[in-house]
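**Q** Would you be able to build a 3D model of this:
(one chain, ligands or ions: 1)
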Amino acid sequence: MKYFTLDELAHSNVARTKRIDNTPNEQQKKALVALVDNVLDPLRDLFGKPVLVSSGFRSNDLNRAVGGAATSQHMKGEAADIYTGTKEGNKKLFELIRDNLPFDQLIDEKDFSWVHVSFKEIGNRKQILKL
Ligand SMILES: [Zn+2]
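**A** The predicted structure is shown next:
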């Protein structure tokens, strides 16, 4: 954990506004740390500029409130939605992950409006999708 914090990965305006508890348990924290150590920190080094997180961990209640998929890896602490401020930057993040880093799922969301990336400690599928 070099560039990212657990607070940042569990932050949610929706959770705050709707008073939804979004505190990760020990297992979910462990998954978040693995996601940072294996993907987000190395990505930040490769990109050389800040990488922002729009959504990391989501409790079941928060995931329901934001309309997340029922099996979303965000609920396990295994996924983050990341962005840079420009679509070109987001595309670059996508390419850097695809070409250099381990991942389970890598998704180009809405023509690089943001990038979803997930990581599992065992059994990463290296699946690439466009939604
Ligand atoms: Zn996502």
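
**Q** Tell me which stretches of the protein form strands.
**A** Assignment of strands within the chain using DSSP state E yields the ranges 52-55, 79-83, 105-109, 114-118, 127-130.

**Q** So which residues on the protein come close to the ion?
**A** When proximity is defined by CB under 5 Å from the ion, the chain lies next to the ion at Asp81, His116. No exception for glycine: its C-beta is placed from N, CA and C like everyone else's.

**Q** mind putting the strands of the chain in a markdown table, mean pLDDT included?
**A** Below are those laid out as a markdown table (pLDDT from 0 to 100):
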| stretch | mean pLDDT |
| --- | --- |
| strand 52-55 | 97 |
| strand 79-83 | 98 |
| strand 105-109 | 98 |
| strand 114-118 | 98 |
| strand 127-130 | 98 |
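
**Q** Let's have these in TSV, adding mean neighbour count.
**A** Conversion of those to TSV gives the following (neighbours: other CB atoms under 10 Å):
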stretch	mean neighbour count
strand 52-55	18
strand 79-83	23
strand 105-109	19
strand 114-118	23
strand 127-130	11
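
**Q** Mind listing the residues bridging to the residue most central in space within the chain?
**A** In the chain, the residue lying closest to the centroid (CA atoms, centre = their mean) is Ala80, at 0.8 Å. Note on Ala80: beta-bridge partners by DSSP bridges are Val117.

**Q** what's near enough to touch it?
**A** Each residue near Ala80 by CB atoms under 8 Å, 6 or more residues apart in numbering is listed here: Leu9, Leu35, Leu40, Val53, Ser55, Gly56, His74, His116, Val117, Ser118.

**Q** Ala79 and Trp114 touch, don't they?
**A** No - using CB atoms under 8 Å, Ala79 is not in contact with Trp114, being 11.8 Å away.

**Q** I am finished for the moment; much appreciated.
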